[in-house]
Structure formats: structure tokens, C-alpha cells
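Enquirer: Here is my input, please return the structure:
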Amino acid sequence: MQTLTTKTYVTLLSVLAFWVGGCFHTTNSVTNTSGSPNLPSADKKYSREIVQLNQLIQQKSKSSTTKEAHLKLARLYADHNNHNRNYQKALKHLQAYIRLDKSKVDGDTLNWLASLKEIDRLSKEINTQNRQLGKMHKKLNQSKNETSALTRTNRKLRREEINLRDKTRKLEESNLKLQKTIEMLKKLDQRLEEKRRNFNN
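Expert: Coordinates of the predicted model:
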């Protein structure tokens, strides 16, 4: 648990340093196609632009336009105004952009990449813990039913129930902390996006 806390603090500090240090990312030709976040039907606009960029990527896999499309998709998927944000897809497209154009990778891009990787890691960890919680709850319910029916193994089942309750409680506490951490990272990502927009304007 201490390792998780240490990693979380390190990640939060790096994101905060990135946010204080300057603009979100260097301006490029694809950035200005997103338009104003206050336009009506913003969700449809995001979806339409994402579909167009994905089609462009499929047609020209290694062109300079495709590189910029990957970067634009990463921004669209992580944009705080996009109600259908998908940090996993944002990470995937940012990694594709970096693979295709390593010469343009700067510190801000690497900080953004680190933030998205941490969000992705924590999301996967939460999903894993949720699956474990489901299994624990199922075992707990089974042990309760067996306790009432099998008097000879009553003591053993009670010990198992206590252990399961304790493990479940610890997992729930860990899950709650992870959810709070990921919310903090998402808010920081929103602030970074706002700072980038203000800087570019």
C-alpha cells in the first residue's frame, strides 16, 4: 500500500510540475480544427471529428498528416469538454504519435504520456480489484449459506468469513483511495487542457 501511495505522490507531483511549467503541448496544424468548446452539440462534434480522424489514419498509416491525426485524437479523447472521454484511447494514440514522430517529442508530451499511463494503470487496477471484490462477496455469501447448513464445520467457516470480511474491507478501502486518486488526476488533466487552450489563445 505504501508503494502505491509513493507512486501516486510521485505521479501527482510530476503532473503538477508539468502544469506549472508551461503550456500543455506545442501548437500544431491539427490543433485548431477542434473549434470552441461552447458550440452546441459538442458531443456530436467530437464524435464526428474522431470518426474522420480514424478514417484518415486507416487510409494513410505513415504520412505526416496521420502523425498529427494521432496527436489530435489523443487530445480529443482526453479533452475535459468531451463527455465521452476515453483515457485508454488517448494513451494509445499518443503512443502512436510518439512512435511515428520521435523528433517532435518534448518534455510536455512525455509528461502527458506519463499522466495517461498512470490513469490507465490505476483504471486497470480498479477493474482488477472490482473483480476480486465480486469473487470475495460471492465466497462470503456462500460461506454464510454453508454456515447455517453445516454445523460440524461452523467454526472453520466462521474463521473464513472473518478473513473474507477483512480482505473485502481492505480491498474496498484500497479501491476508494484509487478512485479518489484517479479523480484527482482527471481534474489535473482538465486543468492542463484549460491551460493549454488559454495559452494557445
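Enquirer: how close does the most centrally placed residue in the chain sit to G134?
Expert: Nearest to the geometric centre of the chain sits I119, at 3.4 Å (C-alpha atoms, centre = their mean). I119 sits at a distance of 23 Å from G134 (criterion: C-beta to C-beta, to the nearest Å). C-betas here are computed from N, CA, C, even on glycine.
Enquirer: hang on, isn't the residue nearest to the centre of the chain packed against E183?
Expert: No: using C-beta atoms under 8 Å, I119 makes no contact with E183, being 10.3 Å away.
Enquirer: Check the gap between M136 and T168 for me.
Expert: Relative to T168, and taking C-beta to C-beta, M136 is found at 5 Å.
Enquirer: err, Q132, not the other one
Expert: For Q132, the distance to T168 - C-beta to C-beta - is 9 Å.
Enquirer: Looking at those two, which has the bigger crowd around it?
Expert: Using other C-beta atoms under 10 Å as the criterion, Q132 and T168 rank with T168 on top: 17 against 14.
Enquirer: Wait, the more buried one touches L140, no?
Expert: Yes: assessed by C-beta under 8 Å, T168 is found in contact with L140 at 6.7 Å.
Enquirer: hey, where'd the helices end up in the protein?
Expert: 2-21, 42-59, 64-78, 87-100, 107-149, 154-200 (DSSP state H).
Enquirer: could you check the angle helix 64-78 makes with the fifth one?
Expert: Going back to what we said before, that points to helix 107-149. Regarding helix 107-149 and helix 64-78, their directions subtend 50 degrees when assessed with axes from the mean of the first three to the mean of the last three C-alpha atoms, to 10 degrees.
Enquirer: Then the longest one?
Expert: An angle of 120 degrees separates the directions of helix 154-200 and helix 64-78 when computed by the same axes, to 10 degrees.
Enquirer: Show me what helix 154-200 packs onto, helices and strands only.
Expert: Applying 3 or more C-beta pairs under 8 Å, 6 or more residues apart in numbering; DSSP states H and E, one finds that helix 154-200 makes contact with helix 2-21, helix 64-78, helix 107-149.
Enquirer: Equivalent analysis for the second one, please.
Expert: If you count contacts as 3+ C-beta pairs under 8 Å, 6+ apart, helix 42-59 packs onto helix 64-78.
Enquirer: for this protein, which spans come out with low pLDDT?
Expert: Applying pLDDT under 70 to the chain picks out residues 1-42, 61, 147-154, 201.
Enquirer: how's it carved up into domains?
Expert: When the chain is parsed with automatic domain parsing, its domains come out as 39-105, 107-201.
Enquirer: Now the residue nearest to the centre of the chain. Nearest residue, chain neighbours left out?
Expert: Y87 (4.7 Å; C-beta to C-beta, 6 or more residues apart in numbering).
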